[in-house]
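> Just need the structure, nothing else, for what follows:
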Amino acid sequence: MSKLDNPLEVYKLLPKSNCRQCQVPTCMAFAAAVIKGQKRLDDCPHLKSDIIERCDVQTHKRETIEQQQEQLIEQLKKEIAKVDFSLSAERLGASLVGGKLKIKCLGRDFIVDAKGNVTSDCHVNPWITLPLLNYVLSSAGKNVSGTWVPFRELTNGMTWRPLYEQRCEKPLKQIADQHTDLFQDILVIFGGKPADNNSFASDISLVLYPLPKIPMLICYCKPEDDLESTLNVFFDATAEDNLNIESIYLLGAGLVVMFQKITFRHGHQALIAL
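Okay, the predicted model is just below:
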């Protein structure tokens, strides 16, 4: 029996006529759909039964982002079991309660047990679970330096910069532009505090703590005369000592998703009121 594990091998069997009788635009697209498990070989009316019978298709179903995140979380949970919480609490800026770690995230208490399960009074999402577990496992416990740098100036920031700007800073700016007062209120609700220094002159300049030793400084300037609005997010220079760059990106992307949901609900309620 012939094993087919890539689209080209399937394509070689097809008539290459792009007849569309399989409801797919081209034979190559059909071949790709077969490998993904979206189509079967016998969906092609031109393939003889003996060819179909002697072929074993190895499908490669594409996992969703959510499935990938859940797999990563399960891997991290197994590693959490090796961590001594009593020795780690101080390193993490956390406290030990009943043998579990209590960690402040955006002003809320999140509890991590010895099996890596994360619970909180508020909704627990993968965007906070993944960075939180990584933080417990890998944080060096470096104290915050007070030196703010943009994402791109973190050690590995340039690698993730395009994705970070597209998924974090740009949509965050859009939220601030469209819902400026609400944006500031959201930051305050989630523990935003004024920066200790005045080096960033902005209409909104607040520090958030998604994790105890991973502060974020969000600065927003409203549009004025011919000048466009600006939004910048800064991290403490020690950020990558306490969390890997992918998790730092994930924190930013998670904030955007959360803020978008809040502003959507707020706008929906306003429409109902009208």
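> Look up how far I111 lies from D43.
Using Cβ to Cβ, to the nearest Å, D43 is found at 50 Å from I111. For glycine as for every other residue, the C-beta is placed from the backbone atoms N, C-alpha and C.
> before we move on, what about L251?
Taking Cβ to Cβ, one finds L251 at 19 Å from I111.
> Compare these two (neighbour count), which wins?
Comparing L251 with I111 by other Cβ atoms under 10 Å, the one with more neighbours is L251, at 26 against 17.
> Contacts only, for that one.
By Cβ atoms under 8 Å, 6 or more residues apart in numbering, the contact set of L251 is 127-128, 131, 210-211, 214, 216, 243.
> Could I get these in JSON lines, plus columns for distance to V144, pLDDT and secondary structure?
Output for the contacts of L251, formatted as JSON lines (distance: Cβ to Cβ, whole Å; pLDDT from 0 to 100; DSSP: H, G, I helix; E, B strand; the rest coil):
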{"residue": "W127", "distance to V144": "22", "pLDDT": "87", "secondary structure": "helix"}
{"residue": "I128", "distance to V144": "19", "pLDDT": "90", "secondary structure": "helix"}
{"residue": "P131", "distance to V144": "16", "pLDDT": "95", "secondary structure": "helix"}
{"residue": "P210", "distance to V144": "13", "pLDDT": "96", "secondary structure": "strand"}
{"residue": "L211", "distance to V144": "11", "pLDDT": "97", "secondary structure": "strand"}
{"residue": "I214", "distance to V144": "9", "pLDDT": "97", "secondary structure": "strand"}
{"residue": "M216", "distance to V144": "11", "pLDDT": "96", "secondary structure": "strand"}
{"residue": "L243", "distance to V144": "12", "pLDDT": "96", "secondary structure": "coil"}
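> Do a quick rundown of the helices in the stretch 1-150 of the chain.
7-11, 27-35, 49-53, 65-80, 85-92, 126-138 (DSSP state H, counting those that start in this stretch).
> so which of those helices comes closest to M158?
helix 126-138 (20.0 Å; Cβ to Cβ).
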